[in-house]
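*Asks:* got a sequence here, can you build the structure:
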Amino acid sequence: MNDGPFVALCLNSGSSSLKYAVFELGESETLVERGAVRGIGLPGGSESHAEALDRALDHLGAVTARLQAVGHRIVHGGPLQVGPARIDDALVMRLRSLAPLAPLHLAASLHGIEAVSRRLPSLFQAACFDTAFHATLPDVARRTSLPRSVTGADVRRYGFHGLSYEYALSTLDPLPERIIVAHLGNGASLAAVRCGRSMDTTMGMTPTGGILMGTRTGDLDPGILLYLLREKHLTSDALAEIVDHHSGLLAVGGSSDMKTLLDRRDGDAGARLAVDMFTYAVRKSIGAFAAALGGLDLLVFTGGIGERSAQVRWEACEGLEWMGVKLDAERNQRGVDVVSARESPVVVRVIPANEELVIARHTWALFSSQQEPTAPTLRATQP
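*Replies:* Alright, predicted model coming up:
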């Protein structure tokens, strides 16, 4: 192992984007560089994740020569991956088998892994799973009411945004007993946490469930889907396209961007309803999770919307005074750290997300645990 700080490239591969960050870890944790390549596969953008990685590495320049490992955010780990893991051929095959559980996310991650294997074949690669944080879910929150004879054990609640939740908790000292974390962004979910362990979460078997999101439906009566299949004669592919790409805020308000909806809502009934539905869903989930936890000590907002939108935070908390949640208007507008009123029994905080740092930490721990780390022997496949 090299002397000096550990240097890791952290990748978050989306269907049309590649976000990246380089960290130095040692006596301190230092962000060296952060960036993103967008528009992959779209006119004017990179043709593939391999090309996007090339652009990212070209941007990083001399930093590339110092890299010791690459960590990947993997959205779905299925029932077996309950912690970060070194990437090898066996793990890649397992991820391919899980693709139906999160087709958009896992396909992009696999493209990212393959791109690194082609461009940087000597580097150690690690997979960091969003679902791993929720491995502690009790059966009462994890199990579905469908017959196991039909579904098997794999159909269950997994939960997502685990790397974001993990980072938020890592900033807390001391750690309160009963915490709700709201990761609000284009993809959004909430988690109920007791003593650092996930006890419940809004997303289910796939990242489509939970509260409504930018373009995803969130939870639906399953009868609606059956009706659309039987009576509207939609194919399963068409239905998948609708629930993941044409629903949520976009379907109700005409835009998936919360800032746009907030700007429009005074004169646009659809935009107003979309914002109201979103904040209502968040508020309802906070109340339900407080009941599940037997009370609440801390409420955390994170994610793009959770960090930046004072209005969404205010409206999500409006009416929760009965359970001890009260925001301070001026603090909330500034959105820095504690935004609750001094007299609020429940502390409310804003914690900026930093999933990439969690990826770097896990990658370093895995790398350090290898006696003689060697490169994975991934077989190149077609995207």
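
*Asks:* distance from the helix or strand hosting residue 164 to the middle of the chain?
*Replies:* Assigned by DSSP states H and E, residue 164 belongs to helix 162-170. Taking the mean of its C-alpha atoms, helix 162-170 sits 10 Å from the chain's own mean (CA atoms, centre = their mean, to the nearest Å).

*Asks:* elements contacting that helix?
*Replies:* In terms of contact count using 3 or more CB pairs under 8 Å, 6 or more residues apart in numbering; DSSP states H and E, helix 162-170 is assigned the packing partners strand 178-183, strand 189-194, strand 298-302, helix 355-369. Backbone N, C-alpha and C define where each C-beta goes, glycine included.

*Asks:* residue contacts, the residue lying farthest from the centre of the chain?
*Replies:* Ranked by distance from the centre of the chain (CA atoms, centre = their mean), the top residue is residue 231, with 34.3 Å. With CB atoms under 8 Å, 6 or more residues apart in numbering as the criterion, no residue contacts residue 231.

*Asks:* likewise for the one 5 residues further on?
*Replies:* Listed by CB under 8 Å, 6+ apart, the contact partners of residue 236 are residue 229.

*Asks:* what do you get if the cut-off is 6 Å, keeping everything else the same?
*Replies:* Residues counted as contacts of residue 236 (CB atoms under 6 Å, 6 or more residues apart in numbering): none.

*Asks:* could you pull out the strands for this protein?
*Replies:* Counting by DSSP state E, the segments of the chain that form strands are 6-13, 17-25, 29-38, 69-74, 85-86, 124-129, 178-183, 189-194, 197-201, 298-302, 337-338, 347-350.

*Asks:* name the residues that touch the fifth one?
*Replies:* What it means is strand 85-86. Strand 85-86 is contacted by residues 91, 126-127, 366 when judged by CB under 6 Å, 6+ apart.

*Asks:* what does the longest one give?
*Replies:* Applying CB under 6 Å, 6+ apart, the external contacts of strand 29-38 come out as 17-24, 46, 52, 55-56, 59-60.

*Asks:* can you select the buried ones among these for me in ChimeraX?
*Replies:* Typed into ChimeraX, the next command selects the buried ones out of the contacts of strand 29-38 (criterion: 16 or more other CB atoms under 10 Å):
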select :17,18,19,20,21,22,23,24,46,52,55,56,60
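
*Asks:* find the nearest non-adjacent residue to the residue nearest to the spatial centre of the chain, please.
*Replies:* Closest residue to the average C-alpha location of the chain: residue 161 at 3.0 Å, with CA atoms, centre = their mean. Nearest in space to residue 161, with sequence neighbours left out and distances taken as CB to CB, 6 or more residues apart in numbering, is residue 183 at 4.4 Å.

*Asks:* who's that neighbour bridged to?
*Replies:* Judged by DSSP bridges, the bridge partners of residue 183 are residue 189, residue 302.

*Asks:* so the longest helix along the chain versus strand 189-194, what angle?
*Replies:* Residue-count comparison of every helix in the chain, with assignments taken from DSSP state H, identifies helix 269-293 as the longest. Direction vectors for helix 269-293 and strand 189-194, defined by axes from the mean of the first three to the mean of the last three CA atoms, to 10 degrees, enclose an angle of 20 degrees.
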